[in-house]
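S.K.: Only the shape, not the letters, is given here:
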C-alpha cells in the first residue's frame, strides 16, 4: 500500500504487537491500534525510561491487577520523511489511512486473532484516533483521543511565523527539508515548527504539481500573506468541523474518550473543549477528562483510557 | 473628545512637544506626530536610558549634525485601561483617531506654529502611522511605520491560546482586567497576551452590548472555537487588506517609510513584507528596510526614518 | 571626585532631587539617597510608566495621604561604561563611594537643607544601601535593601558560563565591551550576563595592570578553571560575609530594612535569608519581608519601605 | 554488590550487551563499557528514534562499513532513586564503581569473551568514563568522555538556586524526593535541577547520619549560605582537580578522548577546556574535539569516538 509513496519512505515497516501474559497464538482477543504522535513510531511506545513506564510494562501491570482485560496492542510505523503522520491518505505523503485499514488490521486479525478493534493515540495520534474512528465505525468500535490536534487556528497557526522564517532562510521548504535530514542532530528545538507545519500542510493541503513537495500552504511563502482558500482546506480536516458530518458514525461508537491537560503547550485543551462541545451537539456523549498537566510525558493517562477502551470492546 | 469614553480613562492628558534648539514660539515648523506602542505613552519617548538615547537627545543630535532639519515632535498620551491604543475610533475604547485629528493637531498648529505634518511610530504606533496616513492624507503628508502590526493571522493569532487561558482562569475578560489593575506589578510577562488581545479586540471587533466590556472575540471564550465572522472584522483593519481601498490616498503621500527587524518576535517582518508587496501593487513606492534585530529597543531606527520624514515635509 | 576615572566616564553628572509638595528652599528635611540597580541612573526612577508609578508621583501620594512624612529623595547618576555601579571605590571604575559621601551628600545638605540621611535601593542599589549603611553609620541612620546582591555563589556564579562564552567569542572582555558599545541596541538579553559580570569583577577584584580593563576574574578566561583566590576577594564584599566585622556599625542604625521576592530570578531571596540570619546573629533586628514576586517591576515595595525609612529619620 | 544499597534500589539489573553481526559466543573481542547520562539506563541507548539512530544500528553500520572493528558494547543499568549515577562508590547511593568493576566486567569477560576494555559515555557518563579510566587503568585501556561533568563551579553551582527553592517548597530534600516519585510525570522540566543536585550531593558529599538522606549540601538549606568546606569535598571529585594526582595512571591509557559542544547548555565546554589543559600539563595528549552543538541529541559523536576506542584496544 505504501509502494510508490511520494516521499520515498520505506515500504517495509516494523509492526510491534503487544501480547498479554500467557497469550497463545490464535486465541481471539480485542485489539487496540496505537497511532503515535509527531516524530514518533510505534516502537517508541516500548522505549525504556527509568523515570516512566513503557507500554508493555504498563499493560502487564494493568492486566495483572485486573484493571484491564487482556488485549493486543498493535503499534505500526507510519513515520515519514516529513517527521510524522496524521493517518490520512494524502497525495503528498502516501496512503496511510488505507495502509492501516487494508493491511495492518487484516494482517493482525489473521495472524494474531484480533477480533474487535479500538484505536488510541496522543497528539497527532489523538487526531488519528478521532478521525479514523469517525470515518470507520465499521472497524473501530471505540477510540481514545489524548491531547489530539483540534481547533486548528489555536494549535497550528501559532507555529507559522517560525516555520515561515525557517523555510525562507533555507531557500524554501524543499531545501529546508534537505538540510534538516543532512543534519546529524534532528531533534533541535528550532526544527520542530517548520517540520510540523510542513507535515500538516502535506496532509491537509496537498496540491499535485505544486513546487514545494507537492504541497500548498496557507501563507504566501514570500510575503507571509494569509491565503484563506488554503486555510479552508485545513479547516475541513479539523475534528471540530468534522463532527457534524460524521455524527451518525460517531453515535455508532461504543466509546469516545477525549482528554487533554489544561496546560497543553499547543493549546490543545481548547481543541478538546470545542470538540467535546461539538460531540455533545451531535448526540455523542464522550468520556471527557481535563487534567492538570501539559502535552509531554503524559502516557500515565493510558491507565485511565485503555481499560475503558478494552472493556468497551468486550 | 475623550469625554465619556467607555473605559473611564482620563480626559485630561499630557501632551509632550519637542522643540528644536533655538526654537521660538510661533516660528513655522514641520511637525511629526509620534504615536507609541502598546503599554506606552508619548512621555515614555523621553524616558532616561543610559544604555540608549531618549528622543529629545536624539533629535538634538540629528538636528545639530545637520542630518535632520528642525522640526517639532508631538507626543500625545492615548493610553487606555486596556493597555494601549491602535489610534482608531472604537465604541469600546473612545474616539482617539478623532482626538488626534480634531484636538491635538489643531492645538499644536495653533500654539506651536506646526505647519505640515508627518506621523510615525513603532509597533501599535507603526500600525497607527500607516492607518492614519492612508486614511488622512489631507493632514499627514508622510508616515513611518516601524515594526507595525500587520498580517494579523501571524502577529495576533499566536497570542490567543495564552489570552484565552488567562481570561478563563480569571472568570472572563472583565474580571481578568480588574485583577490586572488590582495587581501592583502590571508588567508581568504573563499579562501581555491577554492584555494585548483584549485591546486589539476592543479596537477591531467592538460590539455594543456585548457582555465583556462591549467587545466581541474571534474565539468562543468557553470552548475556543474559532468564529470566522468576527475574524473578518479584524481582517478589515489589517493594513495588508486596507491598501487596495486606500490606494489613491496612499499615492498622495510624499513618503511612506516601512521597516522591521527580521527577527521580530511577533513575526511583524512578515507583516512588513506583505504590506510592502501590497503597496507596490497599488502603485506606491515605499522606502523599505529590513534590519537584523528584533522588536524591542530599536529606537535607533529613528535615525534613519525621522530625517527622511522631515525632509519630505520641507 | 570622578575626575580621571579609569573608564573615561563623564565627571559632570545629573543629580535629581525630589522635593515634596510645598517645599521651600532651605527648610530642613530628612533625605533619602536613592542608589539604583544595574543599567540604571537616578533619573530613571522618574521615568513615565502608565502601568506603574514613577517615584515622584509615588512620593506625592504617600506624603499627601500622610503615610510618609515629607522628605527629599536624592537620585545621583553613578552609571559607568560597565553598565552600572556597586557604589564602592574601585581602581577599575572610580571612587563612587567617595563621590556619594564627599560630594553628593554635602552638596544636598548645603543646597537643599537635608538633615538626616537614609539610603535605599534595589538590586545593585540594595547592595549599595546595605554596604554604604554598614560602612558609614555616621552618615546614614537607616537603610533599605530591596532585593540586593548577596550570597554571591548563588546570585553571581550562575551568570559566568554565559559571560565567559560571550567574552571568548568577542576575543576577550575588552573587545567585548567595545562591541557592546558599538551596537545601537544595548539592551539585548544576551548582553546582560557578560556586562554584569564584567562590572562585578571591576568592583570586587580590580587588579592594577591586569590585561583586561584592570580587572581580575574568578575564572580563567581561556579554560574556565575556577580561581579560588580571586573568588575570595569577591566573597569579602558579599554582605553576608561583611556583617560580622561591621556588627557594631549595623547596631547603630535606626532601621535596617531588607526585603526580596521569593521568586527572584537571580536567587536573591536566598541572599536576603542569609543576610537576615547574619544580622540576627550580630544583634541587629532588621525589618524583613518576603513577598510573592520576582526581581523586576517591584517599585511598589517602596510604599512599604520609604515611610519606615523617613519615620526612622524623624 | 548492590545488596543493601541505602536507597532501596533494585539489586537485580538488566544488562544489555551488543554483539556485532556474526558474533559467536566465546570469540574474544574488545569490549566497551557504556555508562549513561543522568536519568538514563543502558537500555535507553537502544531506544527507537526515527529521527536518530539507536546504538545497535549505529554499531552495525560502523562495523559493516569497516569504520570500526567488531566489538562488544556493555550497557549496564546503574539507575538510582536519585535519578542517575556518577559511577562512584557512595555511602548515600551504593557501591556502583565496585559493581561495575567486580561484577559487570568479570561477568562479561567470562560469558562473552570480552578481552580488553574501554569505557565511554556522555554527560554523567562522560564523567564516569574519565574518572573510571583515571582510577582503573588496570582495567580500562581507553576512554571517551563526551560532554562530561567538569569545572563544577560552572556546571553545578548554577543549578543550586532552583534546587534550593524546590527543596524548601517541599519541606526538604527527603520530602521533595517522595513527592517527585509520587508524581506520575517525572520528566517535568522543573524537577531536573533539584533531582540532579540531590544526586550530585549524594555522590560528592555523603555524610552518614545527616538528616537528609545521608547527604550533606554545599549550601545551608534554610538560608542559602555557602558552605565552603562541603564544596571542597565536591571539588575533590572534579576531574579538573583529579588529573594531577592521577597523572601516572592517565599516562598509561592508550586513548583519552574528550569532546564537547561549544554551546553546551550546562557550560561543559568550559569543563572540557579546563580538563584538556590539565591533561596536557600532566603529560597526557588527549584526542580533543569541540563541535558546534549543545548537550542534547549528540549521539552522532559516537561515530567519531567509538572507532578510535576500539582501534586503541586492538
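M.R.: Thanks, I have the structure now. These figures come from a predicted structure and were not determined experimentally.

S.K.: quick one: secondary structure of the residue in the stretch 1-150 of chain A positioned nearest to chain C?
M.R.: Residue nearest to chain C within the stretch 1-150 of chain A (C-beta to the nearest C-beta): residue A:51, separated by 25.2 Å. C-betas here are computed from N, CA, C, even on glycine. Secondary structure assignment for residue A:51 (DSSP: H, G, I helix; E, B strand; the rest coil): coil.

S.K.: And for residue A:119?
M.R.: Residue A:119 - assigned by three-state DSSP - is strand.

S.K.: How about the residue of the stretch 1-150 of chain A closest to chain C, nearest residue that isn't a chain neighbour?
M.R.: residue D:186 (4.2 Å; C-beta to C-beta, 6 or more residues apart in numbering or on different chains).

S.K.: Roughly how far does that neighbour sit from residue D:41?
M.R.: 14 Å (C-beta to C-beta, to the nearest Å).

S.K.: Pick out whichever of these two has more residues nearby.
M.R.: Comparing residue D:186 with residue D:41 by neighbour count (other C-beta atoms under 10 Å in any protein chain shown), the higher total belongs to residue D:41, at 22 against 18.

S.K.: Tell me the pLDDT of the more buried one.
M.R.: For residue D:41, the pLDDT comes out at 98.

S.K.: Surely it touches residue D:80?
M.R.: No - contact criterion C-beta atoms under 8 Å: residue D:41 and residue D:80 do not qualify, at 10.5 Å.

S.K.: Contact partners for residue A:301?
M.R.: Taking C-beta atoms under 8 Å, 6 or more residues apart in numbering or on different chains as the criterion, residue A:301 is in contact with A:122, A:146, A:259, A:289, A:291.

S.K.: quick one, what contacts the residue in chain A sticking out farthest from the centre?
M.R.: When distances are taken from the C-alpha mean of chain A, residue A:223 lies farthest, 31.2 Å away, according to C-alpha atoms, centre = their mean. Residues near residue A:223 by C-beta under 8 Å, 6+ apart: B:270, B:273-274, B:277.

S.K.: For it, which three-state class applies?
M.R.: Relying on three-state DSSP, one would call residue A:223 coil.

S.K.: how close does it sit to residue A:164?
M.R.: From residue A:223 to residue A:164 the distance is 10 Å (C-beta to C-beta).

S.K.: Can you check which residues contact both of these two?
M.R.: If you check residue A:223 and residue A:164 against C-beta under 8 Å, 6+ apart, the residues they both contact are residue B:270.

S.K.: Tell me how far the residue nearest in space to the middle of chain A lies from residue D:2.
M.R.: Geometric centre of chain A, nearest residue: residue A:125, 2.0 Å, by C-alpha atoms, centre = their mean. According to C-beta to C-beta, residue A:125 and residue D:2 sit 38 Å apart.

S.K.: re earlier: quick check, pLDDT for the residue of the stretch 1-150 of chain A closest to chain C.
M.R.: For residue A:51, the predicted pLDDT is 98.

S.K.: Next, count neighbours for the residue lying closest to the residue nearest to the centre of chain A once chain neighbours are set aside.
M.R.: Ranked by C-beta to C-beta, 6+ apart and with sequence neighbours excluded, the top spatial neighbour of residue A:125 is residue A:35, at 4.1 Å. For residue A:35, the tally of surrounding residues (other C-beta under 10 Å) stands at 28.

S.K.: is residue A:35 in a bridge, and if so with what?
M.R.: As for beta bridges, residue A:35 partners with residue A:121 under DSSP bridges.

S.K.: Now do the contacts for it.
M.R.: A:76, A:78, A:85, A:87, A:100, A:119-121, A:124-125, A:128-129, A:132.

S.K.: Residue A:187 touches residue D:297, doesn't it?
M.R.: Yes - in this structure, residue A:187 is within contact of residue D:297 by C-beta under 8 Å, at 4.3 Å.

S.K.: before we move on, what SS does residue A:74 have?
M.R.: The three-state assignment at residue A:74 reads strand, by three-state DSSP.

S.K.: so how far is residue A:114 from it?
M.R.: 7 Å.

S.K.: Also residue A:251?
M.R.: Applying C-beta to C-beta, the value for residue A:251 to residue A:114 is 24 Å.

S.K.: what about the residue in the stretch 51-200 of chain A that chain D sits nearest to, neighbour count?
M.R.: Closest approach between the stretch 51-200 of chain A and chain D, counting by C-beta to the nearest C-beta: residue A:184, at 3.7 Å. By other C-beta under 10 Å, 14 other residues sit near residue A:184.

S.K.: Could I get the contacting residues of it?
M.R.: residue D:300.

S.K.: Spell out which parts of the stretch 51-200 of chain A neighbour chain D.
M.R.: A:51-52, A:77, A:79, A:83, A:184-188 (C-beta under 8 Å from any C-beta of the partner chain).

S.K.: Recalculate using a threshold of 7 Å.
M.R.: If contact is defined as C-beta under 7 Å from any C-beta of the partner chain, the residues of the stretch 51-200 of chain A in contact with chain D are A:51-52, A:79, A:184-187.

S.K.: Now for the closest residue to residue A:14 other than its chain neighbours: which residues touch it?
M.R.: Using C-beta to C-beta, 6+ apart and skipping the chain neighbours, the partner closest in space to residue A:14 is residue A:77 (5.0 Å). By C-beta atoms under 7 Å, 6 or more residues apart in numbering or on different chains, residue A:77 lies in contact with A:13-14, A:41-43.
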